Structures are given as structure tokens and as C-alpha cells.
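S.K.: Any chance you can model this:
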Amino acid sequence: MKLNPDNVPLTEADLDRLEGLLAADVFGEHAMPLDAMQGFLAAVISAPDVILPSRWLPVVLGADRDWETVEEAREALTLLMRFYNEIALDLLDGHGVDPLLYPVSDESPEQDYAMWALGYLEGVELADPAWEASSDRDEVEDLLFPFLILAGGLEHDPVLRESLGLNAEEQAELVESCREELPIAVQDAYDYWQEKRRPQTVRREAPKIGRNDPCVCGSGKKYKHCCGAPHTEH
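M.R.: Numbering: from 1, shown residues only. Presented below is the predicted three-dimensional model:
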């Protein structure tokens, strides 16, 4: 079977090339870095309803851009759609997403989960209808909790920090747990909304009445000759 080239996972060289294209002057530093972009696209793909490329592309690339050449534009968009499709297929297969992470800085080898989580939360904000408006608020808050923690919630949100009531050691353990379980959290959110998207089967509260069964009205007639018959008078 011949593979669709748009569904071929990106190689390291492909990622480097996409990163280089998005760092070009034409974007004026408005294009997302790849780590934030991966998080953003994972949330876009997992949304309560489909988000079309016409809505998410301007966020990823920046609203104002003028490609230097048609070939450059085609190459960047092709790589970007392959990146999107790779994430979508991984989630569809239940594999989660292998987070693409960079060091926090040149001086620190620590991986920057915050940038990835912030990208994810930006993708959540793009959803229409909103996540909170599409389901039980407590359930949605549980889904988003790991991303809020990784985005720096304990550091920047005193209300959240106070509500959890954790000491410094416990906070560090929570952050580490969220880091380890990030792929699971992404898959859980995707599965949750996929289930919500599926048409719900209407279940009968009572057994179906057979055509030859006694009519439920108590007339003594068969259902097909009584209430089950068109325009029956009795």
C-alpha cells in the first residue's frame, strides 16, 4: 500500500527544516516554536468540535506574513500539515504524544515543559464551543489540571497554590508527576472529547411492544389493531 506523504512522520531533519523556515524574518518572530506548537496542535485536535486550519494556522504562523517564494510557503505548509497529521494519528491510535521539549536555557539542561503546556492551553482557548461550555466544568478542570501545573500555575497563581495547600516538597512532587504523565494527560483529554463527539444512542426505558402483543391501553385488542393502527378509534 502506498503511503500518503502527508501522513509520513517528520524526521529529525524535517523538524530542523520546519524550525528553520518558521524562524525566517518573514514571520517577524510571531511563529510558534515547535514545542509550543506541538502542545497547541494536540489541544486543537482534541477539541470538543473540529477546528479548521483556517482558524489555527494564523495562530501558529502569525496573522501577518508574506512568503518570500511560493516554494518556501509550500514546503513550510507541507511540513506543518505532516506535523499536525502525525499528532492526530498518534492520538487516534491511543499512543499519546511524545512531547517535543527543549532546554529551559543554554545554561540549564532542564527541559521546558512550561512552553509545551502553554501552547496546549492556547489551543484550548481556540475551541468553539469552549471546553468549559461543552461538558461538566469539574471534569474539564480535572482534564486541564496537569497542563495548568506544568504551565507554572503553582508559581504564578497564588489562589491555586493556596487551594492545594502543599508544602514545597509536595509541590515539586506534583510537578514531577505531571511531567511524567503528560502523554497520558494528552491522550485522556483527546479520548474524553472523542467520546463526547460520538452520537449518543437513545435507549428505550421500556421493552418494545410487539405488533401482536395486547395493547397497552387495556382494550383487549392486539396492539396492531388498536393503538398501533393508524388513526384507530376506540
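S.K.: Could you use CA atoms for every contact and neighbour count after this?
M.R.: Fine.
S.K.: The helix or strand encompassing Ala43 packs against which elements?
M.R.: Assessed by DSSP states H and E, Ala43 sits inside helix 34-45. The helices and strands touching helix 34-45, judged by 3 or more C-alpha pairs under 8 Å, 6 or more residues apart in numbering; DSSP states H and E, are helix 70-92, helix 113-125, helix 182-197.
S.K.: do that again at 6 Å, thanks
M.R.: Other helices and strands packing on helix 34-45, by 3 or more C-alpha pairs under 6 Å, 6 or more residues apart in numbering; DSSP states H and E, are helix 113-125.
S.K.: quick revisit: so which residues make contact with the helix holding Ala43?
M.R.: Contact with helix 34-45 is made by 100-101, 115-116, 119-120, 123-124, as judged by C-alpha atoms under 6 Å, 6 or more residues apart in numbering.
S.K.: So what's the model's average confidence on it?
M.R.: Averaged across helix 34-45, the pLDDT comes to 96.
S.K.: Val70 and Pro99, how far apart?
M.R.: For Val70, the distance to Pro99 equals 31 Å [C-alpha to C-alpha, to the nearest Å].
S.K.: Compare neighbour counts for these two and give me the winner.
M.R.: Pro99 (17 against 8; other C-alpha atoms under 10 Å).
S.K.: where in this protein is pLDDT low?
M.R.: 1-6, 26-28, 63-69, 199-220, 222-234 (pLDDT under 70).
S.K.: Spell out for me which residue occupies the centre of it.
M.R.: Ser46 (2.2 Å; C-alpha atoms, centre = their mean).
S.K.: Break the protein into its domains for me.
M.R.: Here the domain assignment for the chain is 5-197, 207-234, based on automatic domain parsing.
S.K.: so which of those domains is the most packed in?
M.R.: When the domains of the chain are scored by mean count of other C-alpha atoms under 10 Å, the highest mean neighbour count falls to domain 5-197 (a mean of 17).
S.K.: Pull up the distance across stretch 22-41, start to finish.
M.R.: Distance between the boundary residues of stretch 22-41 (C-alpha to C-alpha) amounts to 16 Å.
S.K.: measure the closest residue to Met32 other than its chain neighbours to His95 for me?
M.R.: Ranked by C-alpha to C-alpha, 6 or more residues apart in numbering and with sequence neighbours excluded, the top spatial neighbour of Met32 is Val60, at 5.4 Å. Here Val60 is placed at a distance of 24 Å from His95 (C-alpha to C-alpha).
S.K.: same thing with Pro109?
M.R.: 27 Å.
S.K.: cool, Arg197 as well?
M.R.: Distance of Arg197 to His95, given as C-alpha to C-alpha: 20 Å.
S.K.: for Arg55, same thing?
M.R.: Applying C-alpha to C-alpha, the value for Arg55 to His95 is 26 Å.
S.K.: And for Glu125?
M.R.: 24 Å.
S.K.: For Asn7, give me its contacts.
M.R.: Counting by C-alpha under 6 Å, 6+ apart, Asn7 touches 82, 85.
S.K.: what about 7 Å?
M.R.: Each residue near Asn7 by C-alpha atoms under 7 Å, 6 or more residues apart in numbering is listed here: 82, 85-86.
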